[in-house]
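Q: With the sequence up front, the predicted model follows.
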Amino acid sequence: MFVQPVDYFLAVWFVLAGLSTAYVAWDQFRNNPEPVVMKWGFILVTLYMGPLGLLIYVLADKEPRPGEHEAFTKPLWKQGVGSTIHCVAGDATGIILAAAITAALGLPMWIDLIVEYVAGFAFGLFIFQSLFMKSMMGGTYWENVRKSFMPEFISMNFMMAGMAPIMSFLMMGSDMRAMEPTELLFWGVMSFGVIVGFIAAYPANVWMVARGLKHGLMTEREPECDKAREGRREHAHSGAKAGMVGHHAYARLDEHANPRHANPSGNPGPGHHGSGHGSFRGNGGGESRGSHGGHGMEPDATVPQLAAFGGVSVLALALGMIAPANWVNLTLSARDVGGAIMPPGMIMDRDTPAAAMLDMAAVHPREISASYGLEVRGDRRLEPRIEGGVKVFDLETSVIRWAILPDVRVDAYAINGQVPGPRLHIRQGDRVRINVTNRLPESTTIHWHGLILPNEMDGPAEITQEPIPPGGSYRYEFTAGQSGTYFYHSHDHVDRQQALGLYGALIIDPAAPQDEITADHDYVIQLQEWLMREGLTFPAMPMDGGQPNYFTINGRAYPSTDTIRMKVGETLKVRFIGTNNGFIHPMHIHGGPFEVVARDGENIPESARFLADTVNVGPGQRYDVVWQARRPGKWLIHCHIGHHTTNNNVEEKGGGGLMVVIDVQS
Ligand SMILES: [Cu+2]
C-alpha cells in the first residue's frame, strides 16, 4: 500500500530490479561463458540488489566481446566480486526466506536474526559454496562442504554483520510495515540489507580469493561455432602468458577444447567437471598462490591468518547482531507491532513495549472506510427513534478521512462518520438506549461523562464491561436524571481513541424549562488536538513525538470553523466542552467579559456566577458562559495558547486552529 514517499521509490526500484534481473538472466544463459551455478548467483544477486547487481555484472563479469571473458574477469577486484556473489547469492537467499518465515510465525526480532544467520549460512554452505566448489574442484559433495566451511564462515559473518543492523534499525524503526512481508518496505529493507552485506563481505572475499581459499569468477565454454573458438584461442594464448605466474589452467584448456567439442550435446555431464578436463578455469587473481595444474587453487593462507580473520569476522558479526539491541527493542515480533507507523520524533527505546508503539501508531490509511470534505459537518444532531417510550440511538464507530481545512484531511476515529460524533440532545428524565457498534480495527467502549448511571452502563473497558471487540456491539441504557452540558467519549485506549475523534456532545435539557439558562444563541464548542505529519495522522499526546500541530473546534480548524452571526444586544451561550484529552485550553472571548453560568453541567447559583473573559477548559471540563454582543464587528473566541491558534505553525487569515469569529451586526 502506498502511504509514504518511500513506497513509490520502492515500486520503481523493484520494477528496475525485475528488469535488471531479466536482462542478467537472459544474458547469462544466452551469452556469458561461465558455470551454471555462477549464472544463478548473478541472477539472484541482481534480484536482491536491483540495478546495482546489474552494474556489478556488466562491470565485472559480463563478457565484453566474444572470447574475452577469461582476460576480462582476471583482475583481483573482479575475482573478489565473483567470490562475494556466490556467497551473497546463497546467504541472502537463506536470510530472506528465514526472515519472511519468522515474520509470519511471529517470532521476536532477536530470534529472527539467529534463524536468519543459520539459514543464510546453511544455504550458502550447502548450496552455493559447495556446489560451486564441486563444479570447480571435482571430488565429492561432502569434501567440498568441508573445504568450503571456513571461507563460507568468514564471508557469512561479514555479510550478516552488515545486514543485521540494517534489518534491526529499519524494521524496528519508525515505519514497522518493514516487518511485514506483505509490504514493499519489507523487501526494500531486505534489498538494502543485502547491498550493505555485500559491501561488508567484499574485502574478506578479495583476500580469500587472493589466498586461494575461495574461487572467484570462472569461465566455462560450451562447444560452439568455429569463429567463437578462434576468439577464445587467442585469449587462451594470452592467458597462457599470464599463466607463466601460475595459471596453468589457461593453457591447459586449449588442449582440451577439441575433446569437448566432440561432445555435440554440449551437455555438461559429470565428466566435464573433472578438473583434468579443464572444463573450468579458475581465473583466480592471486598471483602468488602458486596454483598447480588443473586445480587452479591451492590455499596458501597461514593458520594464524585464518584464525585472526575468522576471529575478526566473529567480532563483526557479534557487533552487527547485538549492538542494535542497545537502541531498539529486539524482543518484539512482526505480530506485535508489524505494520505500525510511528510518529516522527517519538522516542522508542530498547524497552519501549509493543503496546506503547501501537498506542501511538498512525491511523493506517488501509482502515479508512469513508472520506468526507468540508461540506459534511460533525456534531450533527441525531434524532432518536422511540421504542416503547425509550429514546433509541444507534452509534457506530469507524475510521474515516475527515477534512479539518480545505486542503488538510486527517484520518480519524469517528462515530457515525463524523467528528465530533453526533450530538445527542435529550431531556432530563428521558429513558435512553444507545446501541454502540464497533467498526474500528481495535476494541472500544463509550463512557457517558458526568452522568449518574448503573455501573455497568458507565463504560470503562475492563472495569465495568468487556471492551467491545471489532465487529461487536454493546447496549447502553439509562435514565438521564441530570441536565446540562455533557459529553460522551471512548473509554478504551482513551489516549489514542479520544485523541483521534471518538467523542460527542450530550446536551440534556432540564425537565422544568425555567431551569434553563437561556440566551439568544446557543453554541457548543468541542475541542481537539491533532498530530498530522507526512500525510499520516497520529493521536496527539503531551509527550515526545506526540505533540499536536493542528487544533479543531467541532472538527474544523480556523478559518474553516463556523462564524457565529448575531446582533448588538443579543446574548450568546457558549458551551465549552473539554472533549480533548491531553491539553488545557484557556478559552477567551474578545469584546468584554462573559458570565460563567454553569460548570460541568451544573448550573451555578445566581449569587455565585461570576464574570470572566477567559476560562481554562481542561480535559473533561465544561463551562457554559453567556456573552453579550456589546458592539458591532468581528469578535473572536479563541484559545489563548498561541500555538493552538495556528495550523501546523502557520497563521492564515489572522490565525488558525482554536478560533471562531462572532460577527456582530448593528
Ligand atoms: Cu489551547
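A: Cool, got the structure. Numbers count the residues shown, from 1 in each chain.
Q: Quick one: residues contacting the residue in the stretch 401-550 of the chain that the ion sits nearest to.
A: Proximity of the stretch 401-550 of the chain to the ion (CB to the ion) peaks at Leu527, 7.4 Å away. C-betas here are computed from N, CA, C, even on glycine. Shown in contact with Leu527 (CB atoms under 8 Å, 6 or more residues apart in numbering): 551-553, 576-580, 585, 587, 617, 639, 658.
Q: What about these, which are in strands?
A: Among the contacts of Leu527, the members falling in strands (DSSP state E) are Phe551, Thr552, Ile553, Phe576, Ile577, His585, Met587, Val617, Cys639.
Q: Redo these as a markdown table? Include neighbour count, distance to Gly459 and pLDDT.
A: Putting the ones in strands among the contacts of Leu527 into a markdown table (neighbours: other CB atoms under 10 Å; distance: CB to CB, whole Å; pLDDT from 0 to 100) gives the following:
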| residue | neighbour count | distance to Gly459 | pLDDT |
| --- | --- | --- | --- |
| Phe551 | 27 | 26 | 98 |
| Thr552 | 30 | 24 | 98 |
| Ile553 | 29 | 25 | 98 |
| Phe576 | 25 | 22 | 98 |
| Ile577 | 28 | 17 | 98 |
| His585 | 27 | 24 | 97 |
| Met587 | 26 | 26 | 98 |
| Val617 | 23 | 22 | 97 |
| Cys639 | 23 | 28 | 98 |
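Q: Low-confidence regions, the chain specifically.
A: 1, 132-133, 135-137, 223-297 (pLDDT under 70).
Q: Could you report the neighbour count for Trp142?
A: 10 (other CB atoms under 10 Å).
Q: How about the contacts made by it?
A: So Trp142 contacts nothing (CB under 8 Å, 6+ apart).
Q: That one sits in which helix or strand?
A: According to DSSP states H and E, Trp142 maps onto helix 141-171.
Q: In that helix, which residues are buried?
A: 144-145, 147-148, 150-168, 170-171 (16 or more other CB atoms under 10 Å).
Q: Could you list which of the residues you listed also contact the ion?
A: Counting by CB under 5 Å from the ion, nothing from the buried residues of helix 141-171 sits close to the ion.
Q: Distance of the spatially most central residue of the chain relative to Thr563?
A: Ranked by distance to the mean C-alpha position of the chain (CA atoms, centre = their mean), the top residue is Asp175 at 2.6 Å. Counting by CB to CB, to the nearest Å, the gap from Asp175 to Thr563 is 40 Å.
Q: Next: Glu462.
A: Counting by CB to CB, the gap from Glu462 to Thr563 is 43 Å.
Q: Need the three-state assignment for Val410.
A: Taking DSSP: H, G, I helix; E, B strand; the rest coil as the rule, one finds Val410 in the strand state.
Q: Could you give the number of residues near it?
A: The number of residues near Val410, taken as other CB under 10 Å, comes to 25.
Q: what does this structure have sitting close to the ion?
A: Counting by CB under 5 Å from the ion, the chain sits next to the ion at His585, Cys639, Ile641, His644.
Q: show me what contacts the nearest residue to the second one once chain neighbours are set aside?
A: If you skip the residues right next to it in sequence, Cys639 has Leu658 as its closest partner in space, 3.8 Å away by CB to CB, 6 or more residues apart in numbering. Taking CB under 8 Å, 6+ apart as the definition of contact, the neighbours of Leu658 are Leu527, Phe551, Thr552, Ile553, Tyr558, His585, Met587, His638, Cys639, His644, Thr645.
Q: Against Asn648, how distant is Leu658?
A: Taken as CB to CB, the span from Leu658 to Asn648 is 14 Å.
Q: With Arg427 instead?
A: 41 Å.
Q: ok, now Ile368?
A: 21 Å.
Q: could you pull out the helices for the stretch 101-250 of the chain?
A: 109-122, 130-137, 141-171, 184-210, 226-242, 248-261 (DSSP state H, counting those that start in this stretch).
Q: Pretty sure the residue nearest to the centre of the chain sits against Gly339.
A: No - at 9.4 Å, Asp175 does not count as touching Gly339 under the criterion of CB atoms under 8 Å.
Q: top strand in this structure by residue count?
A: Longest strand of the chain, by residue count under DSSP E: strand 390-405.
Q: Direction included, what does that strand pair against?
A: strand 370-372 (parallel), strand 385-387 (antiparallel), strand 408-415 (antiparallel), strand 431-438 (parallel) (DSSP bridges).
Q: right, and these - which one's nearest Asn205?
A: strand 408-415 (47.6 Å; CB to CB).
Q: Quick check: buried residues in the closest one?
A: Buried positions in strand 408-415, judged by neighbour count with 16+ other CB under 10 Å: Arg409, Val410, Asp411, Ala412, Tyr413, Ala414, Ile415.
Q: Same check on stretch 113-121?
A: For stretch 113-121, by 16+ other CB under 10 Å, it's Leu113, Val115, Glu116, Tyr117, Ala119, Gly120, Phe121.
Q: got the CA positions of that stretch in PDB?
A: C-alpha atoms of stretch 113-121 as PDB (Å, rounded to 0.1, in the frame of the first residue of the first chain):
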ATOM      1  CA  LEU A 113      18.200 -12.700  13.400                       C
ATOM      2  CA  ILE A 114      19.600 -16.000  14.700                       C
ATOM      3  CA  VAL A 115      17.400 -18.100  12.500                       C
ATOM      4  CA  GLU A 116      18.400 -15.900   9.600                       C
ATOM      5  CA  TYR A 117      22.100 -16.400  10.300                       C
ATOM      6  CA  VAL A 118      21.700 -20.100  10.500                       C
ATOM      7  CA  ALA A 119      19.600 -20.300   7.400                       C
ATOM      8  CA  GLY A 120      21.900 -18.000   5.500                       C
ATOM      9  CA  PHE A 121      24.900 -20.000   6.500                       C
END
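Q: Look up the closest residue to the closest residue to the ion within the stretch 51-200 of the chain, ignoring the ones flanking it.
A: Minimum separation of the stretch 51-200 of the chain from the ion (CB to the ion) falls at Ser174, amounting to 27.4 Å. Ranked by CB to CB, 6+ apart and with sequence neighbours excluded, the top spatial neighbour of Ser174 is Met342, at 4.4 Å.
Q: State the distance from the one you found to the ion.
A: Separation of Met342 from the ion (CB to the ion, to the nearest Å) stands at 25 Å.
Q: is it true that that residue touches Ala178?
A: No - checked against CB under 8 Å, the pair Met342 and Ala178 is beyond contact range at 11.5 Å.
Q: And the two? Which one has more around it.
A: More crowded of Met342 and Ala178, by other CB under 10 Å: Ala178, with 27 against 24.
Q: for the more buried one, what are its contacts?
A: Leu170, Met171, Leu185, Phe186, Gly188, Val189.
Q: The first one reaches Phe192, doesn't it?
A: In this case it means Leu170. Yes - if you go by CB under 8 Å, Leu170 and Phe192 touch, sitting 7.1 Å apart.
Q: that older thread, now tabulate the buried residues of stretch 113-121 in JSON lines and tack on distance to Tyr202.
A: Below are those laid out as JSON lines (distance: CB to CB, whole Å):
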{"residue": "Leu113", "distance to Tyr202": "22"}
{"residue": "Val115", "distance to Tyr202": "25"}
{"residue": "Glu116", "distance to Tyr202": "20"}
{"residue": "Tyr117", "distance to Tyr202": "19"}
{"residue": "Ala119", "distance to Tyr202": "22"}
{"residue": "Gly120", "distance to Tyr202": "16"}
{"residue": "Phe121", "distance to Tyr202": "18"}
